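Q: Give me the fold of what follows.
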Amino acid sequence: MNATAHDPRFHTPLLRAAGIGVALSVVIGVILLAFAWPSVTASPKDIPVGIVGSGEQLTAIEDQVTDQADGAVKLTEYDDRAAAVAAIERREAYGAIVLSADATTAPEVLIASAANTAVAQLLQGVATQIQAGVDAQIRTQVEAGVAAAQQQAATQLQQALAAVQAGQAPQLPAAGAATPFTIPTVTVTVTDVVPLADTDERGTGLAVAAFPLVLGGLLGGVLLSILIKGAARRLFAVVVYSAAAGLVLAGVLQGWFGALQGSYALNALALSLAVGAISATVTGLYGLLGTPGIPVGAVVMMLFANPLSAATMPVEFLLRPWGAIGQTFPPGAAATLLRDLSYFPDADVSAPWTVLSLWFVGGLLATVVAIFREHRRALAAAPAVAVA
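A: Numbering: from 1, shown residues only. Prediction:
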């Protein structure tokens, strides 16, 4: 038995033990804050939604949506329904409200559940509000029609009584002369322009994939930094790992779970670049800073970039400017790119491709710097070895 285990001289001082406990509690608090803060403070703000219409009807709907949404929706006018659909497919808008010039034609609310289910539900609520407004207008019209019919009947009755009192035959309305009164029926329709796939009806696959993607990138970066000796070999290992991980993840997410749609090759390339961007960042920091580079990379990607990735909520739900900042890091760019590749082929994906490429190349360049450092150290050590 080790004698030092029971020797108080070799025990950790109580003050130091207490300090470690307090420090760890602060770390736990920071982790909780990092992951919970975006969700707790999430609030929709200026979600882009299109609107098609003209005249007083358009103004009335805009005022109604503005009042009810309380700043959550930002309306943008489009010329017609086709233009609004194109904007949704390019991810310039989450949905649209289409009003017809014909008062008897029901309004239509366009949604895109593939963009985000929370926003789709919000727009369905807007459709309910519009329906309530339409019903109120119909009730007003019906009440006005009933009042007019009652007034007409009272006038005819007074005229008939006056004729009888004057000894004249009352003039009765001819059969069928009464104007038929119909109650209009207008139902607001909701059309899902870009629905989720049948294999991922609730969109959970894309949302759930974000965290394992970050974890896989970090795990690869940490293990490659520790296990692979030599910066050049570490650089090679990162490239191989990224390519293989992309193929495996795409096979699981698309071939097995059905969470991804579209081209398998493009999805695999996007996943490879995402994993590589995170892994290369960690290995690059390790090459520049040594062992401290590993926790620095982990903190940046896990506690900062991942909560701001907007993988489970729209960017507009996060406090400004954190949503936009999150899109400049690999987790946010990867989440946006995978959704666009799966459901929005017309969307502009140049930004997420660029972000992932810059992080991946930047990490590789940092590793290349480490290669030159190792080479210089080897040259500096060579004379000493020769002398010895």
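Q: tell me the strands in this structure, going along the chain?
A: When assigned using DSSP state E, the strands of the chain occupy the ranges 47-52, 73-77, 95-98, 108-111, 189-192.
Q: now the end-to-end length of stretch 91-105.
A: End-to-end distance of stretch 91-105: 27 Å, with CA to CA, to the nearest Å as the criterion.
Q: Single out the most deeply packed of the strands of the chain.
A: Across those, the average number of neighbours (mean count of other CB atoms under 10 Å) peaks for strand 95-98, which reaches a mean of 26. Using the backbone N, CA and C atoms, a C-beta is placed for each residue, glycine as well.
Q: show me the contacts for the residue positioned nearest the centre of the chain.
A: By CA atoms, centre = their mean, the chain has its centre lying nearest to residue 314, at 2.9 Å. Residues touching residue 314, when contacts are defined by CB atoms under 8 Å, 6 or more residues apart in numbering, comprise 44, 47, 94, 115-116, 118-119.
Q: Tabulate the residues you listed (a markdown table), appending distance to residue 247 and pLDDT.
A: Written out in a markdown table, the entries for the contacts of residue 314 read as follows (distance: CB to CB, whole Å; pLDDT from 0 to 100):
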| residue | distance to residue 247 | pLDDT |
| --- | --- | --- |
| 44 | 37 | 80 |
| 47 | 36 | 91 |
| 94 | 32 | 95 |
| 115 | 27 | 93 |
| 116 | 28 | 91 |
| 118 | 32 | 88 |
| 119 | 32 | 91 |
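Q: How much space separates residue 38 from residue 319?
A: Here the criterion is CB to CB, to the nearest Å. By it, residue 38 lies 8 Å from residue 319.
Q: Report pLDDT for residue 147.
A: With respect to pLDDT, residue 147 has a value of 61.
Q: ugh, typo on my part, it should be residue 317
A: In this model, residue 317 carries a pLDDT of 89.
Q: Excluding sequence neighbours, find me the nearest residue to it.
A: In this structure, residue 317 finds its nearest non-sequential neighbour in residue 42, 4.3 Å apart by CB to CB, 6 or more residues apart in numbering.
Q: so residue 191 touches residue 107, yeah?
A: No: taking contact to mean CB atoms under 8 Å, the distance of 11.2 Å between residue 191 and residue 107 leaves them out of contact.
Q: Give me the residue ranges of the stretch 51-200 of the chain where confidence is low.
A: Applying pLDDT under 70 to the stretch 51-200 of the chain picks out residues 69, 101-104, 134-185.
Q: same thing but 50
A: Within the stretch 51-200 of the chain, no range satisfies pLDDT under 50.
Q: ok, which stretches of it are helices?
A: Under the criterion DSSP state H, counting those that start in this stretch, helices of the stretch 51-200 of the chain are mapped to 55-69, 81-89, 117-165.
Q: sorry, back to before: correct me if wrong: the residue nearest to residue 317 contacts residue 318.
A: Yes: distance between residue 42 and residue 318: 6.4 Å, which falls inside the contact criterion (CB under 8 Å).
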